[in-house]
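Asks: just need the structure, nothing else, for what follows:
(4 chains, ligands or ions: 4)
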Amino acid sequence: MKRPVEITFAQAINEGLHQAMAASDEVICYGLGIDDPKRIFGTTVDLKERFGKRVFDMPLSENAMTGIGVGAAIGGLRPVMVHQRLDFFLLAMDQLVNSAAKWHYMFGGKRSVPLTIRLIIGRGWGQGPTHSQNLQAWFAHIPGLKVVMPSSPADAKGLLRASIDDNNPVVFLEHRWLHQQMGEVPESPDFRVPLSECRVMEKGVDVTIVASSYLTIEALHAVRRLREEGVQAELIDLRTIKPLDWPTLLTSVKKTGRLLALDSGAAFGSVAGTIVARVASDLFSHLRAAPLYLTMPDVPEPTAYELTREFYFGAPEIAAAAWKMVKGEERSFPELEREGHHDVPGQWFAGPF
Amino acid sequence: MKRPVEITFAQAINEGLHQAMAASDEVICYGLGIDDPKRIFGTTVDLKERFGKRVFDMPLSENAMTGIGVGAAIGGLRPVMVHQRLDFFLLAMDQLVNSAAKWHYMFGGKRSVPLTIRLIIGRGWGQGPTHSQNLQAWFAHIPGLKVVMPSSPADAKGLLRASIDDNNPVVFLEHRWLHQQMGEVPESPDFRVPLSECRVMEKGVDVTIVASSYLTIEALHAVRRLREEGVQAELIDLRTIKPLDWPTLLTSVKKTGRLLALDSGAAFGSVAGTIVARVASDLFSHLRAAPLYLTMPDVPEPTAYELTREFYFGAPEIAAAAWKMVKGEERSFPELEREGHHDVPGQWFAGPF
Amino acid sequence: MAEGSDTEKIMRALYLIRGVEEGIAQRYPAGKMRCPVHFSIGQEGVSAALAPLMRRDDLAVSSHRAHAHYMGKGGSVRAMLAEIYGRAGGCSGARGGSMHLIDESVGFKGSTAIVGNTIPIGVGLGLALQQKGSDSLAIVFLGDGAIEEGVFYESVNFAAVQRLPVLFICENNLYSVYSPLGPRQPAGRSIYKMVEAMGIKSVAGDGNDVAATYKLMHAVIAEMRSGQGPVFAEFSTYRWLEHCGPADDDHLGYRAQGECAEWKKRAPVARYEKYLRENEGWSAARLEALRNEVLADIARDFAWVEAQPLPPRPDAYREVYAEDAGKSVGQNTMESAA
Amino acid sequence: MAEGSDTEKIMRALYLIRGVEEGIAQRYPAGKMRCPVHFSIGQEGVSAALAPLMRRDDLAVSSHRAHAHYMGKGGSVRAMLAEIYGRAGGCSGARGGSMHLIDESVGFKGSTAIVGNTIPIGVGLGLALQQKGSDSLAIVFLGDGAIEEGVFYESVNFAAVQRLPVLFICENNLYSVYSPLGPRQPAGRSIYKMVEAMGIKSVAGDGNDVAATYKLMHAVIAEMRSGQGPVFAEFSTYRWLEHCGPADDDHLGYRAQGECAEWKKRAPVARYEKYLRENEGWSAARLEALRNEVLADIARDFAWVEAQPLPPRPDAYREVYAEDAGKSVGQNTMESAA
Ligand SMILES: Cc1ncc(C[n+]2csc(CCOP(=O)(O)OP(=O)(O)O)c2C)c(N)n1
Ligand SMILES: Cc1ncc(C[n+]2csc(CCOP(=O)(O)OP(=O)(O)O)c2C)c(N)n1
Ligand SMILES: [Mg+2]
Ligand SMILES: [Mg+2]
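Replies: Ligands and ions are numbered 1, 2, ... in the order given. Here you go, the predicted model:
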């Protein structure tokens, strides 16, 4: 039974986990509900059946379970832990920051911590203030952590394999709105997408747009529309947030002279802010316009349908900001508004990318 | 017995706590060792004796004790919790981020959380990777939190009183190297330093230097030296990191056209990066030079004396960076090197500021 | 043997909780309540038994599955429904949804969605009460999953050290989402005995036996008001519907065949009706009348909420800080200073 | 009755731990060891008793007060001293100091400075051992303060659920910094009995009675190696010096008058010497010879470390990531990609 060329993001994760566990006995997987009927949005299907005690459900003890992952890692395993929402993982910051991130450094390089932590970022259907946080900036602020945010099924698989191979603690962020997305994914167990290499998704000379995770999808719509209107945006999907692929990013901005950095996290202390700051510092004389960022406001996510209606920005706002930067004039792109309910992934969303 | 005009930063905190507790029965104070012989570096002297059960030691349970602070706050008290190192507080991120920061917003403004959390930032004498973290950027990234970093005894008292008065959760960061610093402090129980107002410490037209907490001291030395050499730097002490006093900061950069932002935290996701990004975005056409930041590297603090020797930047590096920006040429300021051991607060440190 | 008026309060609470929950479950598929909802159907017993025992000035907190606790404490049904519908008049300003309920007017201080999150907050309420010399209680509702969080243990410890007036009510429904106790807690371990060993008085009971629950808690609460310190109470009970959402999920097979059916025989509502008829002289007609009265109220509440306007969109940006009620902070930009 | 060679190993460990600690305490005021140091003087007993029982392939973790555990496990004294001195050859590359010790060659997997931090890490080591089907044990050293952290409870629970080969060794020295048990734990509560109620086998003993401790742990460990699951052992003991640093601090008055003096009478070293003379036929001369041998080694170790060079300054920037051993990342700038 050959598997289809296109599979979902969730299936890609699942395939990556199967292949990683088959390739090495050192890989173990655990998390709340990992073997329950829902299988973490389908990402852990059949793992328990195939790998037995190397896959297990756990108590509601996020901090200890993270430390246990660190211990298992320095004990010779390669644990992959998963949480259904990033927000729950706030209970585990001591183990993440004081143990996992620093272990290799503070013990003089004696032992590294090959631990992969999958966190799912929620959005929509009333996820509200405590089920929708985007804290990539937090993780990226901590020396010693790697932070990965795939935006396509192929990257999900390839980056996950690379994360599990990696000898450092990796925070692997999956946006809930991407799980059902379809895409071509190499079936080979050798397939990897290296960490710390961003992807130039669309070439262009007028402006560099930097995106990651779900925002890459929104940005892609904006960039295609801009192209129709004669603006050539270069779209960079970060893929790895930390360590960031600065050379590719800086090269692009040198070429375009304009930067629009997108971020699904709050503005203050954001990854987008970090990118704008570095570009402004290092490439000041190359800039043809003020570098900009679009981020979420410094406000928690509200729950109600009506309150989230205009809360998130997407393709229309991205296109408008890029247009303004390149053309110096206001323009709106209502045709880029998503159809249907704004609080669930839309129709085109299941599309080929 | 009149108290001297000048007191230490620690005494200023202590005076602020005494006056706050005397002014309102709602104020309670707790923390590990709050009533022990050392009294949190002297900051809680005589509180237990005077206020009895409103001051108490606690179990080693940072997460619960933070939630207990939230509960006491919504129950009508104004708790002040203290931790001897910021690093310990990583155990309490769930309560800080998911409860304290969001409570007022996510319950529709029904009840606010007047909780003050004093965290002490360590440095030197082998504090090492887990006793010296500067995570102001983390706290500032979270909507709903206020973040305060005093740099002088007067500000320590005035901002602490304002923080305790404030109806929001406030993270109040005290740098360990400031506790012995002397300064004039108004004795009046009415004295306050309002939150969200930064302080222009030195006026100048050539470059705006933005500092906070202990780095303000280093920057002040640099600015005075620069002045002797004909460079007029404007020194801004942020005092409150979030919500930040953008008007004062942006006004200054509009005037000087140059920005050097200092930060004691790691570079990626830093407060300094946020400031540079905003300035580059909003004031691009006013900038006469690339905006710069000096931050700590994306590396944990090592322990050994020899390894920390050049690890921190201070007055010489600040002066050199500002000089380069204004004059366009390299220059070093070895005369600004601190004397004596680099890993303890120096002689001049006890000085009048 | 509940005091005369208390039996009626309990029966009324049972009808109310069940009626509102069924009303929500029935309407939920229409897609107007667009937030995660965790139902209490099958678990009405403990909240109803406590309804007449909790004073208005007792302060309660709860978790993701809070509807029953909120209503048992006397919270406004309309404000709760408006919150779930995301309408104006929602108890949390349409910003919290089903998982974040509050009604300060009756001492329901808040329920939150992170498991274990409100446990220390309840203990902090107890601390505030103790500091003020009040004889009110702080009441913490939690599940069998929540006790696995370290913060539970820390909170129990602190309540014990300071002898705070905190009543922990643990509804042990055997599951955390789809996970049975097996992978979560040691086989054969008793939760309440463990808590006893942590240093606070602990009791246990059948949470579906409302009369017995009332009796037990009547004594416990009376003792607590005289300053006896914290108490932990564990009640066995069972949720009938799926973990989150209005559907049955027995077909998924994560619960033993027939387990749910068995528990349904022990339904708290029907069982208490029987108890009132057999032990308190209630007639079928009296029960029927009370039930109809409650259901009529509920129907009006739903009608009211469905007619409520949507909240103004700028409310999304209000009240991030205590002082900026009504002030909107800029969208997609850094906050600006006051 | 320790087996022949074990008694000598224990006595040697006692002399070693005490000797090294006294050597550090004596030299610390000279200001060459510039990091916080928590001494184990007075608390040598448990580590020494375990010294012959812990196999090299058992994996241990510890806390801020780790010197005794590190040495009991057989860790290199020179590497530890070099670490405390911040010299080349330090066990943690001069980046961890006294609070972060490691000697992988003997299964000492690390000690860290955040209280409670290594408890789950030890449990994770147990998980790795179990997954691999090893009969080695994971050993977690912790204090009476550490048990107050929620992560302790979570870790015990998971070890119990999975029946992991984890041995928790709790040294109850009555204090957490200057805080006695009173404000931290409920009066009269027994730690090991509480842990028993959490679901794992628990024992307790006098940690200053080295012979008894050895005997108890000999049986416990044998049982554990046959796959009996986790065990928690609580030992009473006492620290003689200040919490952090080399001085006496009895004058501060936070401990009851005479308490320390009373505990000094129960010194583990002297008591075990007496035991060996009275029960194992050791002569005073044999003890003296062993002690001198150990002290001579220690003197050489200190001489060695004081002659060690300083580490190269760029080491401050090395090994943030596993792959960049030796590669320095830019100072005061963002990290650059590989
Ligand atoms: C910290 C955290 N981890 C995981 C979750 C996901 N979650 C939501 S409810 C729940 C089950 C909790 O079980 P229990 O406390 O027994 O309450 P019940 O749902 O049975 O009423 C879980 C795991 C969460 N909300 N918070
Ligand atoms: C999470 C955390 N909180 C506070 C501290 C400060 N601290 C260092 S050691 C210590 C005492 C711990 O007591 P115990 O576990 O009994 O160990 P002992 O020092 O008695 O050996 C404390 C509170 C810390 N290092 N980490
Ligand atoms: Mg449950
Ligand atoms: Mg102790």
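Asks: which SS class is the residue in the stretch 51-200 of chain A positioned nearest to chain C?
Replies: Going by C-beta to the nearest C-beta, chain C is nearest to A:Gly126 of the stretch 51-200 of chain A, at 2.5 Å. The C-beta positions use only the backbone N, C-alpha and C, and glycine is treated the same way. Of the three states, A:Gly126 takes coil under DSSP: H, G, I helix; E, B strand; the rest coil.
Asks: pretty sure it sits against C:Cys35.
Replies: Yes: A:Gly126 lies in contact with C:Cys35 (C-beta atoms under 8 Å); the separation is 2.5 Å.
Asks: who's more crowded, those two?
Replies: More crowded of A:Gly126 and C:Cys35, by other C-beta atoms under 10 Å in any protein chain shown: A:Gly126, with 27 against 24.
Asks: report the contact partners of that one.
Replies: Shown in contact with A:Gly126 (C-beta atoms under 8 Å, 6 or more residues apart in numbering or on different chains): A:Thr303, A:Ala304, A:Tyr305, A:Asp343, C:Arg34, C:Cys35, C:Pro36, C:Gly86, C:Gly97, C:Ser98.
Asks: quick one: neighbours of the third one, just the number.
Replies: Other residues near A:Tyr305 come to 25 when the count uses other C-beta under 10 Å.
Asks: the residue lying closest to C:Cys91 once chain neighbours are set aside sits in which helix or strand?
Replies: Computed as C-beta to C-beta, 6 or more residues apart in numbering or on different chains, the closest residue to C:Cys91 that is not its neighbour in sequence is C:Ala79, at 3.7 Å. For C:Ala79, the host element (DSSP states H and E) is helix C:77-85.
Asks: and if you look at C:Glu273?
Replies: helix C:268-279.
Asks: helices or strands up against that helix?
Replies: In terms of contacts (3 or more C-beta pairs under 8 Å, 6 or more residues apart in numbering or on different chains; DSSP states H and E), helix C:268-279 is packed against helix C:4-27, helix C:44-50, helix C:210-225, helix C:284-307.
Asks: and C:Asp249, which of these is closest to it?
Replies: Taking C-beta to C-beta, helix C:4-27 is the member of the helices and strands packed on helix C:268-279 nearest to C:Asp249, at 12.7 Å.
Asks: helix, strand or coil for C:Ala233?
Replies: strand.
Asks: burial of it, as a residue count?
Replies: 24.
Asks: quick one: the residue nearest to C:Cys91 and C:Ala88 touch, right?
Replies: No: taking contacts as C-beta under 8 Å, C:Ala79 lies outside contact range of C:Ala88: 10.7 Å.
Asks: neighbour count winner among those two?
Replies: With neighbours defined as other C-beta under 10 Å, C:Ala79 and C:Ala88 compare such that C:Ala79 has more, 20 against 17.
Asks: contact partners of stretch A:2-9?
Replies: Contacts of stretch A:2-9 (C-beta under 8 Å, 6+ apart): A:15, A:42, A:150, A:152-153, A:156, A:174, A:178-185, A:187, A:352.
Asks: and what of stretch A:17-36?
Replies: Contacts for stretch A:17-36 (C-beta under 8 Å, 6+ apart): A:39-40, A:43-44, A:46-48, A:50-51, A:54-58, A:60, A:65, A:69, A:72, A:76-84, A:118, A:160-161, A:164, A:189, C:176-179, C:254, D:131.
Asks: so which of those sit within helices?
Replies: A:39-40, A:47-48, A:50-51, A:65, A:69, A:72, A:160-161, A:164, D:131 (DSSP state H).
Asks: remind me, longest strand of chain A?
Replies: strand A:259-266 (DSSP state E).
Asks: does any bit of that one sit next to chain B?
Replies: Yes: judged by C-beta under 8 Å from any C-beta of the partner chain, strand A:259-266 comes into contact with chain B at A:Gly265, A:Ala266.
Asks: show me which residues of the stretch 251-353 of chain A sit near chain D.
Replies: A:Thr274, A:Arg278.
Asks: quick one: low-confidence ranges for the stretch 251-353 of chain A?
Replies: A:346-353 (pLDDT under 70).
Asks: nearest to ligand 3: which residue in it?
Replies: Nearest to ligand 3 in the stretch 251-353 of chain A, going by C-beta to the ion, is A:Thr303, at a distance of 23.0 Å.
Asks: that residue against C:Tyr85, yeah?
Replies: No: at 10.7 Å, A:Thr303 does not count as touching C:Tyr85 under the criterion of C-beta under 8 Å.
Asks: tell me which of these two has more neighbours.
Replies: A:Thr303 (34 against 26).
Asks: which ones are touching the more buried one?
Replies: Contacts of A:Thr303 (C-beta under 8 Å, 6+ apart): A:126-129, B:106, C:35, C:86, C:92, C:94-97, C:100.
Asks: am I right that it sits in a strand?
Replies: No: counting by three-state DSSP, A:Thr303 falls outside a strand, being coil.
Asks: gap between it and A:Phe9?
Replies: With distances taken as C-beta to C-beta, to the nearest Å, A:Thr303 is found 25 Å from A:Phe9.
Asks: cool, C:Met11 as well?
Replies: 51 Å.
Asks: equivalent analysis for A:Arg176, please.
Replies: 10 Å.
Asks: what of A:Ile275?
Replies: From A:Ile275 over to A:Phe9 (counting by C-beta to C-beta), the distance is 25 Å.
Asks: and C:Gly122, by the same measure?
Replies: C:Gly122 sits 40 Å away from A:Phe9, going by C-beta to C-beta.
Asks: neighbour count for these two, which is higher?
Replies: Ranked by neighbour count (other C-beta under 10 Å), C:Gly122 and A:Phe9 place C:Gly122 first, with 32 against 28.
Asks: spatially central residue for chain A, please.
Replies: With distances taken as C-alpha atoms, centre = their mean, A:Met149 lies nearest the centre of chain A, 1.9 Å away.
Asks: wait, that residue sits on A:Lys242?
Replies: No: A:Met149 is not in contact with A:Lys242 according to C-beta under 8 Å; the separation is 10.0 Å.
Asks: just to revisit the earlier point, weed out the non-buried ones from the contacts of stretch A:2-9.
Replies: Burial by neighbour count, 16 or more other C-beta atoms under 10 Å in any protein chain shown: within the contacts of stretch A:2-9 this picks out A:Glu15, A:Pro150, A:Ser152, A:Pro153, A:Ala156, A:Glu174, A:Leu178, A:His179, A:Gln181, A:Met182, A:Gly183, A:Val185.
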